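Participant: A structural model of the following input is requested.
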Amino acid sequence: MTIPARLGRLHDGLTDAGFLIGTLGLFLMVAIYCAEVVARYFLGRPLDWANDSFANILCVSVFAMVPHATRAAAHIEINVLPELVPALRRPLAKLGALAGTVICAFVAWMAWSETLRHMAMGILTEQNHPVPVWWMSVWITWAFAGSALYFLRALTGHAALRPLSFVRPGDVTPQPGGSV
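Facilitator: This is a model prediction of the structure:
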């Protein structure tokens, strides 16, 4: 296996880890919500940490899942032009992958810069139980960096860089002629 292919498998593995983190986050949000309902309405003692935890876990869960959605081509696609002129399907897919690579890489760089600023300044969330903001903003960097790499892999079109998933094998094969 070539080095780019190994890096691709590493990227896929990290994306699968993000998918599992997002799935665990969803489970935790349901559990916290149920615990809050029981504590508030049946025990008369609301959990003062529940809303804070729910919001933080929601942020992590959403951004942990973004690279998986990009890998599976589950992002929004406006495909009127490729359907009207099928000959443009491949060039438009390449153009979309190029735009996705550039835009996601730029947003990842901006998010990483902000994460470093949050760390340096020690900025905390404005909650009942504050936590460092960088704990959330690092997931924004994760999301856009991972997505940029999937768009870049789609741009190359090399078979060795074709995305794989170890946790959802049938979920990452884009439809023929799709954008990624």
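Participant: what's the neighbour count on F27?
Facilitator: Neighbour count of F27, defined by other Cβ atoms under 10 Å: 11. (Glycine included, C-beta is placed from N, CA and C.)
Participant: tell me which residue is most central in this protein.
Facilitator: V66 (1.9 Å; Cα atoms, centre = their mean).
Participant: ok, now which ones touch that residue?
Facilitator: By Cβ atoms under 8 Å, 6 or more residues apart in numbering, V66 lies in contact with G18, W142, A143, F144, G146, S147.
Participant: which non-adjacent residue is nearest I123?
Facilitator: Closest residue to I123 in three dimensions, ignoring its sequence neighbours and counting by Cβ to Cβ, 6 or more residues apart in numbering: V133, at 4.6 Å.
Participant: any idea of the pLDDT on the one you found?
Facilitator: If you check V133, the pLDDT there is 94.
Participant: kindly report the same for A39.
Facilitator: Model confidence at A39 (pLDDT) stands at 95.
Participant: so the closest residue to S61 other than its chain neighbours versus G100, what's the distance?
Facilitator: Sequence neighbours aside, G25 is the residue nearest to S61 in space, at 3.1 Å (criterion: Cβ to Cβ, 6+ apart). Using Cβ to Cβ, to the nearest Å, we find G25 at a distance of 25 Å from G100.
Participant: state the helix or strand in which the residue nearest to the centre of the chain lies.
Facilitator: Secondary structure from DSSP states H and E places V66 in helix 50-71.
Participant: those strands in the protein, which residues are they?
Facilitator: Listed in chain order, the chain contains no strands at all (DSSP state E).
Participant: find the nearest non-adjacent residue to Y150, please.
Facilitator: Spatial nearest neighbour of Y150, excluding adjacent residues (Cβ to Cβ, 6+ apart): T70 at 4.6 Å.
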